[in-house]
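Enquirer: sequence and predicted structure are below.
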Amino acid sequence: MTTDLKPAPLAAGEAKLFPIVETADGKVRGLRSGRIAVFKGLRYGADTSGANRFAPPQPVKPWAGVRDALDYGNIAPQIPGDRRHAYADLILNDVQPGGMGEDCLVLNLWTPDPNPAAKRPVIVRFHGGGFYGGSSNSPGGDGEMLARFGDCVVVTVNHRLSALGYLYLGEEGPFADSGAAGMQDLVASLRWVARNIEVFGGDPARVLIVGQSGGGAKVSHLLGMPVAKGLFSSAGVMSGSRLTAMTRDQAAKAADQLLRVLGLRADQIKALQAVPFSTLLAAQAEVEAEDRSRGEAPRSFAPVLGQAIPHHPFAPGAPEESLDIPLVVSTALDERTYRETNFEMGWDEVRQKLERRVGAEAGMLLAAYRDEDPQATAFIVNARINSDTSFRLGANTMLERRVAAGGAPTWAYLWASPSPAFGGRYGAVHGIDVAYSMHDIRFPLAGPTADNLRLADEIASAWVSLAATGRPDNPATPAWAPYDLAERNTLVFGHPTQSAGDPRSFFRTYWEQHAASRRG
């Protein structure tokens, strides 16, 4: 006679609280949180250390039994965010659980119900932090609220960064595409989604890829990668329009600098693979020191043209590989405040900076910015100018090239609602729309107010609708027509949210002409 050690009601309750799903590689156990089934640290690729360092992602070895997916996996080795800058605290850049290591090809998943018959839309989000930092383990990557609000499956992804993901080691041999290893990781994660998402209740035919900042740059590249074609059905680029990849010459220069610091050659692959990642990070910091000293994002290691990335993402035009993919492209009004620290900047300094850019037209241009927003501080106006000449110029170029190429529709939005943090000094700063997009307004850049909940309802509904139907317009937002070169219709998230034809057209036209004259 045998005795069941668990009474039937308890066993059923345990199964409900700790759902078990059988993936293509083996069984995993998650944990329900507020009726959402959460699976953390799911491996979509093998450990990238040792012989796998700089190589394309390798498959996971299948396992027997049940693996727990109750906590985060590793984040990619990286230099921590600097808490001496208040903005880093506002985005909780230092809170990245899971430990740091090269076994970082992991993803996290939230689903209302792991039922293969559910066929819910899927939102795959790639984290920001350029190509050098960040992870999907940070609080801003939590998908629980969005999964619940949108009745959808949410997936967030970790992958290799900086030199470990983008060190160029030449055009020959098994490491010829090492400059695209981090992007190949993302392709591997999407292949995992295609193979496994159905058993988690998702629809593999309705997969949205979206990212902000560096995440948007990753989406930009995926839109032009032949190996990614067919792995997603819609896309969103938030404040991260990437028009070009690194050329081999640019990548070789950065690689030579790093190898010189390490005292190694590019053909000493085994020695490179044996260097502790801490040593590699220290050498990388020396290469990136100039960028960091200027308060800029490190740019030495990023996706490199090669087999996996055969051409620039959006230069000279939009990529043919994704012309059938509905796309949303966005910016925030005051992106660049996140890199500025002179909060007491005066108008004379703004004028002097403008004079160095545009000469005698500085006075006219500054007056136009002040007339547009009489309440804006000199700090905000300076950052808005820098936003117009960087983030916005790139996004407008992406929109124009995409529309000119034809194909599936493209939509644009501008986030104009400012953050309340520090009395509103940052304005509508870079990253402001991330929390709202995840329908999670508890974070410092947002805050739990009725109006912020309304904004979260609007933008989260747009992303869920794009994933589900291929169109972001939905009952929660005003009518949102696709972008074209005649009307340039843009949804402006603000107070209230409204649709506008070519908002801020004077500044768009001025800076496009200015950029063209400099190229000429």
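Expert: In hand now; what should we look at? Please read all numbers here as calculations on a predicted model, not as lab measurements.
Enquirer: all contacts plus neighbour counts: C-alpha atoms, from now on.
Expert: Will do.
Enquirer: mind listing what's buried along the longest helix along the chain?
Expert: Criterion DSSP state H: the longest helix present in the chain is helix 450-469. Under the neighbour-count criterion of 16 or more other Cα atoms under 10 Å, helix 450-469 has 452-469 buried.
Enquirer: give the next helix or strand downstream of that helix.
Expert: For helix 450-469, the following helix or strand on the C-terminal side (DSSP states H and E) is strand 489-493.
Enquirer: that next one - what's its average pLDDT?
Expert: Strand 489-493 carries an average pLDDT of 98.
Enquirer: list the contacts of it.
Expert: 411-417, 455, 478, 480-483, 497-503 (Cα atoms under 8 Å, 6 or more residues apart in numbering).
Enquirer: now do 7 Å
Expert: Here strand 489-493 makes contact (Cα atoms under 7 Å, 6 or more residues apart in numbering) with 412-417, 480-483, 498-502.
Enquirer: equivalent analysis for stretch 468-487, please.
Expert: 121, 206, 234, 326, 400, 403, 409-412, 457-458, 461-463, 465-466, 489-491, 498-499, 501-502.
Enquirer: now do stretch 446-454, average pLDDT.
Expert: So the average pLDDT for stretch 446-454 ends up being 95.
Enquirer: and for stretch 234-242?
Expert: The model assigns stretch 234-242 a mean pLDDT of 98.
Enquirer: tell me the SS of the residue most central in space within the chain?
Expert: Centrality entry for the chain: nearest residue to the mean C-alpha point is Gly215, 1.5 Å, by Cα atoms, centre = their mean. Under DSSP: H, G, I helix; E, B strand; the rest coil, Gly215 falls in the helix class.
Enquirer: residue boundaries of the strands in this structure?
Expert: 20-22, 27-29, 31-33, 36-43, 66-68, 106-111, 120-126, 153-157, 202-212, 234-238, 327-332, 410-415, 489-493, 498-501 (DSSP state E).
Enquirer: if we can go back for a sec, only the buried subset of the contacts of stretch 468-487, as a ChimeraX command please.
Expert: Those of these that count as buried under 16+ other Cα under 10 Å are selected in ChimeraX with:
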select :121,206,234,326,400,403,409,410,411,412,457,458,461,462,463,465,466,489,490,491,499,501,502
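Enquirer: and Ala468, how far is that from Val207?
Expert: Here Ala468 is placed at a distance of 8 Å from Val207 (Cα to Cα, to the nearest Å).
Enquirer: need the contact list for the nearest residue to Arg242 once chain neighbours are set aside.
Expert: Of all residues not flanking Arg242 in the chain, Ala217 sits nearest, at 4.9 Å (Cα to Cα, 6 or more residues apart in numbering). Contact analysis of Ala217 by Cα under 7 Å, 6+ apart lists 240-242.
Enquirer: do I have it right that Thr410 meets Leu323?
Expert: No - here Thr410 does not reach Leu323: they are 9.8 Å apart, not a contact under Cα atoms under 7 Å.
Enquirer: among the contacts of Ala217, name the buried ones.
Expert: Buried among these (16+ other Cα under 10 Å): 240-242.
Enquirer: nearest to Ala12, of these?
Expert: Gly240 (45.9 Å; Cα to Cα).
Enquirer: point out where this protein drops to low pLDDT.
Expert: Per-residue confidence for the chain (pLDDT under 70) gives these ranges: 1-10, 293-295, 520.
Enquirer: and for the nearest residue to Asp47 once chain neighbours are set aside, the neighbour number?
Expert: Distance criterion Cα to Cα, 6+ apart; nearest residue to Asp47, sequence neighbours excluded, is Asp103 at 4.1 Å. Counted with other Cα atoms under 10 Å, residues neighbouring Asp103 total 21.
Enquirer: and for the one 10 residues further on?
Expert: Here the count is done by other Cα under 10 Å, and Asp113 has 23 residues near it.
Enquirer: can you add distance to Ala55 and give the buried ones among the contacts of Ala217 back as JSON lines?
Expert: JSON lines is the format used below for the buried ones among the contacts of Ala217 (distance: Cα to Cα, whole Å):
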{"residue": "Gly240", "distance to Ala55": "26"}
{"residue": "Ser241", "distance to Ala55": "27"}
{"residue": "Arg242", "distance to Ala55": "24"}
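Enquirer: now, among those residues, which is nearest to Gly224?
Expert: Arg242 (10.8 Å).
Enquirer: and the gap between the closest one and Val329?
Expert: In terms of Cα to Cα, Arg242 sits 11 Å off from Val329.
Enquirer: what residues are shared contacts of the two?
Expert: Common neighbours of Arg242 and Val329 are not found (criterion: Cα under 7 Å, 6+ apart).
Enquirer: give me the neighbour count for Gln151.
Expert: To be clear, residue 151 is Asp; Gln isn't right here. So Asp151, with other Cα under 10 Å, has 17 neighbours.
Enquirer: wait, it sits on Asp113?
Expert: No - applying Cα under 7 Å, one finds Asp151 not in contact with Asp113, separated by 9.3 Å.
Enquirer: follow-up on the earlier one: what residues are up against the residue nearest to the centre of the chain?
Expert: 126-128, 240.
Enquirer: at 6 Å what do you get?
Expert: 126-128 (Cα atoms under 6 Å, 6 or more residues apart in numbering).
Enquirer: with Gly240 instead?
Expert: By Cα under 6 Å, 6+ apart, the residues touching Gly240 are 212-214, 216-217.
Enquirer: now those residues in TSV, with distance to Arg160?
Expert: Shown next, in TSV, are those (distance: Cα to Cα, whole Å):
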residue	distance to Arg160
Gln212	17
Ser213	17
Gly214	13
Gly216	16
Ala217	15
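Enquirer: quick one: which of these is nearest Thr279?
Expert: Gly214 (24.5 Å).
Enquirer: separation between the closest one and Pro298?
Expert: Counting by Cα to Cα - Gly214 and Pro298 are separated by 12 Å.
Enquirer: how about Pro319?
Expert: Pro319 sits 26 Å away from Pro298, taking Cα to Cα as the criterion.
Enquirer: same question for Ala367.
Expert: 34 Å.
Enquirer: these two: which has the busier surroundings?
Expert: Counted by other Cα under 10 Å, Ala367 and Pro298 do not tie: Pro298 has more neighbours, with 23 against 12.
Enquirer: so that one is in contact with Ala289, correct?
Expert: No - contact criterion Cα atoms under 6 Å: Pro298 and Ala289 do not qualify, at 8.2 Å.
Enquirer: the closest residue to Asn196 other than its chain neighbours: neighbour count?
Expert: Spatial nearest neighbour of Asn196, excluding adjacent residues (Cα to Cα, 6+ apart): Thr23 at 5.8 Å. Thr23 has 17 neighbours, counted by other Cα under 10 Å.
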